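>>> Turn this into a model:
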Amino acid sequence: RPVDAAARLAGKVVVIYFSASWCGPCRRFTPALRLWYDMLKAAGEPLEIVFVSRDRTPEDTAKYAKEHMGPWLMLPHGHPASDELGRMLGVRGIPSATVVDAMMQPQYSLDVGDAVNNALREAQRGLNLASGAGIAKAVSDFAEYKQKCALEASQPPLKPPEALLVALHPARGLPPQASSTLLTIARNAASSDDDKFRRLKGSNKAIQERVLSHEAAVGVLRAMGWDEAPGADGAGGTLWTLPASVRVSPETVAAFDMNIAYAAIFGGRVQQAPRRAGPAAGGASGGATISAAALQAALAGAMAGVAQPQGGSNSGGGAAAPAPMALDGEDDAALAARLQAEEDAAAAATVQRADAQQQQQSSAASMKARLESAQAHVAAFHDEANITRALSACPLERLQAEAASVEATEGPAQRDALLATVTKWFKHEFFTWFEPPKGTDGQPLQASSDEPTAEERKHGAQRVEVYTAADGTAHRFPRFNDPSKLLDTRVGRCGEWANCFALVCTALGFEARHVIDWTDHVWVEVWSAHRGRWVHVDPCENAIDTPLLYEQGWGKRLSYCIAFSRAGAADVTRRYTRPGTWEGPDGVLTRRKALPEPILKGLLTGLTNKARGAVEGGAAAVEALEARDVAEQQELAARQAGTFDAAQSALGGRITGSVEWRAARGELGDQGATEAAATDDDPAPPPAFDFE
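All right, here's what the predicted structure looks like:
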């Protein structure tokens with residue numbers, strides 16, 4: 001139910017708690033946090049906890065809060081301010097419980113090794129919480145929190161960037177011209193104390209056309225704290241005023257810049273990479289980034305389902321608006337000319353910033369295009385003509401008989417046996433690894449590249465490798481992307497192998513995902529009904545269910561592993577990385593620099609939603625897929641939170657390709673080149689698939 005967040009948080013130390021019911025560490029941590037909260041509240045301490053859910057559904061969030069949490073505040077499930085709070089506080093994983101100061105800057109990260117866990121151990125020993133050592137320790141620590149997080153009530157409130165980002169999000173339909181005009185208005189109010197920059201006449205043609213005629217733009221004005229007085233501008237229009245008690249900070253202006261960057265990325269017009277707003281550089285804001293009052297206002301607005309209150313009151317909670325004043329004689333034409341000049345200057349500044357950040361922008365745009373292309377490609381695996389050709393290429397009766405000899409009982413377990421049989425056949429009988437040709441002297445031919453012919457391009461080839469002999473004879477190797485064509489050529493490297501194998505698996509009735517590793521490898525995942533999860537399959541290596549093969553065996557440093565299927569796109573990187581390696585100074589996250597994590601998540605969600613709009617079976621089928629998504633997220637979280645399986649340490653380096661080629665790619669693993677050369681003719685395969 002909605003509550004008065006401003007009243008609840010006033011004068012309190014605030015803990016922002018990110019958590020989810022599917023997260024095992026969260027389920028262990030939440031009881032400790034609840035106990036810590038109860039102890040301090042019993043001692044009369046000024047503490048409030050704000051819960052930010054990372055569950056998939058509102059029902060899961062409500063159940064988790066009701067059954068496991070205290071009388072805490074909570075952002076509505078899925079509210080856009082959740083992600084912005086996470087960015088501001090640097091949240092990289094859950095559970096995350098952060099004590100914030102009056103400027104919304106993190107001061108302490110509560111973990112299971114501090115006073116919270118100490119208090120839990122005291123309680124488990126049966127000590128009386130009212131007099132036990134646990135509460136004494138918690139109160140002692142809390143005194144330090146209070147000192148660090150003292151509220152600075154004398155400062156006028158800053159407008160909260162997260163509230164503006166909600167109102168400014170491209171999904172709200174804010175036109176670019178309105179966005180740039182609002183940016184000018186914000187910059188004027190932030191850079192000058194002149195009253196004329198805190199007053200807007202609704203009868204002004206430029207303001208009417210660019211701002212007031214757009215409902216989303218009016219919402220942004222209100223989110224910034226502007227008040228409206230109908231009929232008070234002297235010409236029958238609405239007079240908008242920004243109360244003196246509301247300061248427009250550099251972070252407010254940065255919120256507009258971030259919005260423009262979001263719109264550019266999602267719209268394909270990359271001009272500036274999104275960035276986290278830094279602290280103000282001195283001036284009237286005193287170096288603050290956001291005040292506790294701003295957080296209160298944002299939370300209060302979020303709980304009401306809007307970014308800020310929609311009425312005419314001052315959302316910053318300051319003094320009443322001053323009496324209306326004239327715009328110092330500036331007429332409509334002068335105002336329009338000034339706004340246009342400032343808009344042009346802002347555009348020039350945006351171009352300069354874009355030039356300075358071109359590399360990051362290019363990376364983000366490239367990744368967006370690659371994700372969309374990979375998602376579109378999976379349609380080829382479900383093409384009826386391709387499936388028919390794939391079935392005709394498979395010795396299905398023989399493969400089924402071999403699977404039945406391993407697992408006699410028909411059902412999911414036998415399907416897993418068939419998958420192993422098909423993988424082995426594909427590796428040893430059907431497909432061939434491409435090795436660059438050599439001359440009569442045994443030396444590699446001269447390598448170059450060429451544009452594909454019209455016929456080669458028809459089958460998805462975007463580049464061609466050319467190997468030229470001393471007599472001028474050229475050997476062409478088109479990198480075909482058409483899985484049907486690969487049924488004919490039956491040769492390639494990992495890209496061709498995974499591409500063709502995904503088609504074969506789909507033709508045989510398996511539910512397959514095409515997995516692309518951003519560090520240059522490709523494989524497949526197959527849904528195992530027997531195991532109730534996705535199973536890693538690498539046809540090049542004849543490897544099944546050995547997801548740590550690449551990191552532990554080959555020595556790769558993975559960044560992004562994205563799986564694509566007819567049901568959407570999913571980030572499965574955590575399946576292929578060792579437990580406990582996601583965060584930290586050298587963690588996986590430090591290598592994921594193509595674009596911010598929330599934007600990647602948004603892109604994948606968009607691709608998935610679009611794909612599932614065409615899923616057969618309607619709402620029931622989509623609900624089943626969403627339930628599977630939840631189970632997979634739980635599995636991946638458990639993998640990262642778990643312990644390393646010692647059996648995975650036996651995984652060796654790559655076995656396909658020449659030793660020289662593998663060594664150049666750094667994929668020999670712990671084995672040396674000499675050992676690899678000695679075993680190259682008959683390399684040991686990865687561990688066999690466990691059917692039981």
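
>>> Tell me which residues of stretch 506-526 come out buried.
By neighbour count on 16 or more other C-beta atoms under 10 Å, the buried set for stretch 506-526 is 506-508, 510, 512-519, 521-526. Just so you know, the C-beta spots here come from the backbone N, C-alpha and C atoms, and that holds for glycine as well.

>>> Also stretch 533-551?
Buried-residue list, stretch 533-551, by 16+ other C-beta under 10 Å: 534-551.

>>> Secondary structure element holding the nearest residue to residue 555 once chain neighbours are set aside?
Distances taken as C-beta to C-beta, 6 or more residues apart in numbering place residue 669 nearest to residue 555, at 5.2 Å, with adjacent residues excluded. Per DSSP states H and E, residue 669 falls between elements, in no helix or strand.

>>> roughly how far apart are residue 669 and residue 540?
15 Å (C-beta to C-beta, to the nearest Å).

>>> And for residue 82?
For residue 82, the distance to residue 540 - C-beta to C-beta - is 41 Å.

>>> Low-confidence stretches in the stretch 101-250 of the chain?
Along the stretch 101-250 of the chain, the parts satisfying pLDDT under 70 run over 101-174, 176, 249-250.

>>> Which secondary structure state is assigned to residue 221?
helix (DSSP: H, G, I helix; E, B strand; the rest coil).

>>> Quick check: the gap between it and residue 208.
In terms of C-beta to C-beta, residue 221 sits 13 Å off from residue 208.

>>> Out of these two, name the residue with the larger neighbour count.
Of the pair residue 221 and residue 208, residue 221 is the one with more neighbours under other C-beta atoms under 10 Å, namely 22 against 16.

>>> The more buried one contacts residue 238, correct?
No. Residue 221 is beyond contact range of residue 238, at 10.6 Å (criterion: C-beta atoms under 8 Å).

>>> what is in contact with those two at once?
Here residue 221 and residue 238 have residue 228 as joint contacts, going by C-beta atoms under 8 Å, 6 or more residues apart in numbering.

>>> In contact with the residue nearest to residue 555: list those residues for me.
Residues in contact with residue 669 (C-beta under 8 Å, 6+ apart) are 553-555, 651-654.

>>> Strands of the stretch 551-692 of the chain, start to end?
Remark: strands assigned in the stretch 551-692 of the chain by DSSP state E, counting those that start in this stretch are 561-565, 568-571.

>>> Kindly report the same for the stretch 301-450 of the chain.
Taking DSSP E, counting those that start in this stretch as the test, the strands found in the stretch 301-450 of the chain are 432-433, 446-450.

>>> among the ones you listed, which gets the worst mean confidence?
Looking over those, mean pLDDT reaches its minimum on strand 446-450, with a mean of 90.

>>> That one pairs with which strands, and in what direction?
strand 464-468 (antiparallel) (DSSP bridges).

>>> list the buried ones in the strand it pairs with?
Under 16+ other C-beta under 10 Å, the buried positions of strand 464-468 are 464-465, 467.

>>> Outside of that strand itself, list whatever touches it.
Outside of strand 464-468, the residues that reach it under the criterion C-beta under 8 Å, 6+ apart are 436-437, 444-452, 456, 474-479.

>>> Show me just the buried residues among those.
Among the contacts of strand 464-468, those classed as buried by 16+ other C-beta under 10 Å are 445, 452, 456, 477-479.

>>> remind me which residues of this structure are low pLDDT?
Where the chain drops to pLDDT under 70, the residues are 1-11, 39, 42-43, 80-81, 84, 100-174, 176, 249-363, 644-649, 670-692.

>>> Kindly reformat the strands of the stretch 301-450 of the chain as TSV containing distance to residue 391.
Output for the strands of the stretch 301-450 of the chain, formatted as TSV (distance: least, C-beta to C-beta, whole Å):
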stretch	distance to residue 391
strand 432-433	21
strand 446-450	34
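
>>> nearest to residue 186, of these?
strand 446-450 (50.0 Å; C-beta to C-beta).

>>> Show residues contacting the closest one.
By C-beta under 8 Å, 6+ apart, the list of residues contacting strand 446-450 reads 436, 463-468, 476.

>>> Check which residues of stretch 53-70 are buried.
Applying 16+ other C-beta under 10 Å to stretch 53-70 flags 53-56, 60-61, 64-65, 69 as buried.

>>> again, but for stretch 365-374
365, 367-368, 371-372, 374.

>>> Which ones among the buried residues of stretch 506-526 map onto strands?
Where the buried residues of stretch 506-526 overlap with strands, as defined by DSSP state E, the overlap consists of 512-517, 521-526.

>>> Would you format those residues as CSV with distance to residue 40 included?
Below are these laid out as CSV (distance: C-beta to C-beta, whole Å):
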residue, distance to residue 40
512, 52
513, 47
514, 51
515, 47
516, 48
517, 47
521, 50
522, 52
523, 50
524, 52
525, 46
526, 50
